[in-house]
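>>> Quick one, structure for this:
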Amino acid sequence: MQRLIRLARILSPWIALGLAGALIAIYLHPGLLVQFPAPAPTARSVPSIAGLVNAADATDHRADRAPAVASYADAIARAAPAVVNISTRKVVLERQLPEQFAPWFPDWPEFRRREESSRGSGVILDADGHVATNYHVIKGVEEIIVQLRDGRSTKAKLVGTDPDTDLAILKISLGNLPVMPLGRSDQLRVGDVVLAIGNSLGLGQTVTQGICSATGRSALGLAMLENFIQTDAAINPGNSGGALVTAAGELVGINTAILSHEQGVEGIGFAIPVNLVRGVAQEIETKGRVVRGWSGLGLNELTDEAGTPIPGVQIAGFYRGSPAAEAGLRPGDVLTDLNGVAISGRQDFYGRIARMTPGATARLKGLRPGAGRFEASLPIVARPIER
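Numbers count the residues shown, from 1 in each chain. Take a look at the predicted model:
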């Protein structure tokens, strides 16, 4: 036994040296290793030919499939060329000297003339060059310049306005005009994707995306006749008069207003439905104006002691030359009913009168302080043209 131990001690260094040499040789020449064949698979582990083909098809299909990417580039390419930039200019008189000091400085100019410019957007409705925009964009201006996306620009003629809906129609004389595809605002649904196109903040044409948040919004105090589309697509200064289009690039509204950011409100903008724009544009193009009913009444809202609005309106006065002054009505009268339907507020009354045909008669019911209930007939005439 001791001999074996002695022999192991003598051979162990040589054995370790041999193993080290073998490892070095394998590291330098991996091919020296003998590769044994893999064991044959059992019947249970062999896939079927159909399985091999299906797996190959699935692998190829996954490799060839590109990831889906949502893009509205085609819609913008279709609609954006017909959205124009509108620049306006007017001269305003600005008081330099307080009125009470004017007699003491007779040689000092009391007013100075100052040129004021602003920007907005518009939409080309037809190949004849009719452009829709907001009335507040061009109100009181002396010059209107329309610039197309392709760089062409020209002076525009004001065809007519409709302050009740905050719409105006311009006309430009240029050839080969892009025309906006018109959609159907009555088919727009809450949740539909919409795109706002306009000239924001003087940066040039800008596109924002959102959804239709609501339809038929009213009682906002933005216009006499309100039926707005609400959207969360970003609308900024300069977007007024621009296009609200669908994901297919069809016009569904004219962007008009946003709720004030000063109130911490974001994502609430309003657009005039294209169905209303169509009717207003057609009447302006054929008649030069939109003929609406007018009562000549100046009204105040009614509120309770807490300041909460309550149904009805109160007569504040009459416009000079209006039929209301001859209808037996008096300032202070409270009107509660128009043509058999309760009056919810001032805008409700004005809107319903505006939809009446000039020459018709409105039947009114109300309360007169100190006298009780009364009834009256009010002739409706065409609203005077606003200058």
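
>>> What ranges does the stretch 201-350 of the chain have for its strands?
205-217, 228-231, 243-246, 251-258, 269-273, 293-294, 297-303, 309-318, 334-338, 341-342 (DSSP state E, counting those that start in this stretch).

>>> isn't residue 174 right up against residue 151?
No: taking contacts as Cβ atoms under 8 Å, residue 174 lies outside contact range of residue 151: 11.6 Å. C-beta coordinates here come from the backbone N, C-alpha and C atoms, glycine included.

>>> Most tightly packed of the strands of the stretch 201-350 of the chain?
strand 243-246 (a mean of 30; mean count of other Cβ atoms under 10 Å).

>>> what does it rub up against?
Contacts with strand 243-246, where a contact means Cβ atoms under 8 Å, 6 or more residues apart in numbering, come from 75, 79, 82-83, 121, 123, 180, 183, 188, 192-198, 229, 231, 233, 251-255, 271.

>>> In contact with residue 325: list those residues for me.
296, 318.

>>> Look up how far residue 299 lies from it.
Per Cβ to Cβ, to the nearest Å, residue 325 is found 14 Å from residue 299.

>>> again with residue 72
44 Å.

>>> And for residue 209?
40 Å.

>>> Also residue 269?
Applying Cβ to Cβ to residue 269 and residue 299 gives a distance of 28 Å.

>>> Show me the shaky parts of the stretch 251-387 of the chain.
260-265, 386-387 (pLDDT under 70).

>>> Could you rerun that using 80?
Scanning the stretch 251-387 of the chain for pLDDT under 80 picks out the ranges 259-267, 321, 325, 385-387.

>>> Strands along the stretch 51-200 of the chain, start to end?
Ranges of strands in the stretch 51-200 of the chain, per DSSP E, counting those that start in this stretch, are 83-95, 111-124, 130-134, 143-147, 153-155, 157-162, 167-171, 193-199.

>>> Residue 348: which of those strands is closest?
strand 157-162 (19.1 Å; Cβ to Cβ).

>>> Now the closest one: buried residues?
159, 160, 161, 162 (16 or more other Cβ atoms under 10 Å).

>>> Stretch 159-174 now?
159-172.

>>> domains of the chain?
75-171, 185-287, 293-382 (automatic domain parsing).

>>> now the last one, how far from the centre of its chain.
Spelled out, it's domain 293-382. Chain-centre distance of domain 293-382: 34 Å, with Cα atoms, centre = their mean, to the nearest Å.

>>> before we move on, the earlier item: now, which of the buried residues of stretch 159-174 sits nearest residue 358?
Distance to residue 358, by Cβ to Cβ, is smallest for residue 164 among the buried residues of stretch 159-174, at 13.8 Å.

>>> Any figure for the gap between that closest one and residue 313?
The value you get for residue 164 to residue 313, if Cβ to Cβ is used, is 17 Å.

>>> Can you give me every residue that contacts residue 145?
Taking Cβ under 8 Å, 6+ apart as the test, what residue 145 contacts is 86, 87, 88, 89, 153, 154, 155, 156.

>>> So what pairs up with it in the strands?
Beta bridges link residue 145 to residue 87, residue 155, judged by DSSP bridges.

>>> re the thing from before, how about the strands of the stretch 51-200 of the chain in TSV, adding distance to residue 277?
Supplementary listing: these in TSV, determined by distance: least, Cβ to Cβ, whole Å:
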stretch	distance to residue 277
strand 83-95	14
strand 111-124	8
strand 130-134	6
strand 143-147	17
strand 153-155	22
strand 157-162	10
strand 167-171	6
strand 193-199	15
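
>>> Could you say which one of those comes nearest to residue 284?
Closest approach to residue 284 among the strands of the stretch 51-200 of the chain is made by strand 157-162 (3.7 Å; Cβ to Cβ).

>>> rewinding a little: could you identify the most distant pair in the buried residues of stretch 159-174?
For the buried residues of stretch 159-174, and using Cβ to Cβ, no pair is farther apart than 164 and 172, which are 24.5 Å apart.

>>> didn't residue 237 look like it was pressed against residue 199?
No: Residue 237 is beyond contact range of residue 199, at 9.8 Å (criterion: Cβ under 8 Å).

>>> more neighbours, the two?
residue 199 (27 against 14; other Cβ atoms under 10 Å).

>>> need the contact list for the more buried one.
Residue 199 sits next to 83, 85, 86, 119, 120, 121, 205, 206, 238, 239, 242 when contact means Cβ under 8 Å, 6+ apart.

>>> at 6 Å instead, please
For residue 199, the contact set (Cβ atoms under 6 Å, 6 or more residues apart in numbering) comprises 85, 121, 205, 238.

>>> do the same with residue 185
Applying Cβ under 6 Å, 6+ apart, the residues near residue 185 are 252, 273, 274, 275.

>>> closest to residue 132 among the residues you listed?
residue 274 (9.1 Å).

>>> how close does residue 323 get to residue 346?
Taken as Cβ to Cβ, the span from residue 323 to residue 346 is 19 Å.

>>> try residue 187
Look at residue 187 and residue 346: by Cβ to Cβ, they are 32 Å apart.

>>> where does the stretch 1-150 of the chain have low pLDDT?
For the stretch 1-150 of the chain (pLDDT under 80), the answer is 1-69, 90-118.

>>> What's the end-to-end length of stretch 133-143?
The straight-line separation of the ends of stretch 133-143 (Cα to Cα, to the nearest Å) is 15 Å.

>>> buried ones in that stretch?
Within stretch 133-143, the residues scored as buried using 16+ other Cβ under 10 Å are 133, 134, 135, 136, 137, 138, 141.

>>> now these as JSON lines including distance to residue 329?
Shown next, in JSON lines, are the buried residues of stretch 133-143 (distance: Cβ to Cβ, whole Å):
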{"residue": "133", "distance to residue 329": "37"}
{"residue": "134", "distance to residue 329": "34"}
{"residue": "135", "distance to residue 329": "29"}
{"residue": "136", "distance to residue 329": "31"}
{"residue": "137", "distance to residue 329": "36"}
{"residue": "138", "distance to residue 329": "35"}
{"residue": "141", "distance to residue 329": "37"}
